[in-house]
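Student: No letters, just coordinates:
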DNA sequence: TTGCTATATAGTAATATGCTGATATATCTA
DNA sequence: TAGATATATCAGCATATTACTATATAGCAA
């Protein structure tokens, strides 16, 4: 069976993206980096909460960031979450097609 | 951008498996169904909490169950979580290989 | 320096989650 | 039926998460 520490780590990563707004943020960053202000506008959330979520995902290793002048750009650091999202979105498509 | 309701649903599914013990349960069920008692023994958790987690994942559509006599067998209902796990475990393998 | 924009953080309240011990329910066997 | 086994559920507590407001910090430009 899966090692306990690995299970904990995997659960952390999953929890980091298991939130509607955070899924959207990750989706936004798939094509490339984006600064906080643009992200805030794109997801239509308050600045504070978006900043908190960005920091949270950075803590968990999902995102990374760099500052350029007064702006901070976030990007996907853990590229595997992209594949994760691919799996999930495929899943949604399938569900649509095979709706019970 | 991803639809809001889909985002909520995806987040729910992710949250359902984003827990060390629940990841183990799902892993156990990949080869096929298993009854509650065997699951409890395999994950070395208390009966009550395992039952709660099984029910929770069933609620979220991740698992399904059938009763056979006095035993209840759980199986993976949402097959896409298997692919999800594949992604994640591949990710862990890669991490091991490219440890910074 | 002042003021402006961009981002982060602190404090807090509401809600959700995780776990426990106890109990309830269902099924089987004698 | 009684007793044993299998599973589910309840009540309660501790902790975690979420989201909010307000405030703090960082960089830029005048």
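Tutor: Arrived safely. Everything numeric in this text was worked out from a predicted model, so none of it was measured.
Student: What separation do you get for the closest residue to DNA strand D within chain A and residue A:27?
Tutor: Closest to DNA strand D within chain A is residue A:69: 3.1 Å, counting by Cβ to the nearest atom of the strand. To be clear about C-beta, it is placed using only N, CA and C from the backbone, and glycine gets the same treatment. As for residue A:69, its distance to residue A:27 is 26 Å (criterion: Cβ to Cβ, to the nearest Å).
Student: Tell me which of those two has more neighbours.
Tutor: Higher neighbour count among residue A:69 and residue A:27: residue A:27, with 19 against 6, using other Cβ atoms under 10 Å in any protein chain shown.
Student: pretty sure that one is in contact with residue B:10, am I right?
Tutor: No: in this structure residue A:27 lies outside contact range of residue B:10 using Cβ atoms under 8 Å: 10.3 Å.
Student: what do those two both touch?
Tutor: Applying Cβ atoms under 8 Å, 6 or more residues apart in numbering or on different chains, one finds that residue A:27 and residue B:10 are jointly contacted by residue B:2.
Student: how many neighbours does residue A:50 have?
Tutor: 22.
Student: Not counting its neighbours along the chain, what's nearest residue A:15?
Tutor: Spatial nearest neighbour of residue A:15, excluding adjacent residues (Cβ to Cβ, 6 or more residues apart in numbering or on different chains): residue B:18 at 4.2 Å.
Student: Look up the pLDDT of the one you found for me, please.
Tutor: Looking at residue B:18, its pLDDT reads 97.
Student: ok, now which ones touch it?
Tutor: A:11, A:14-15, A:18.
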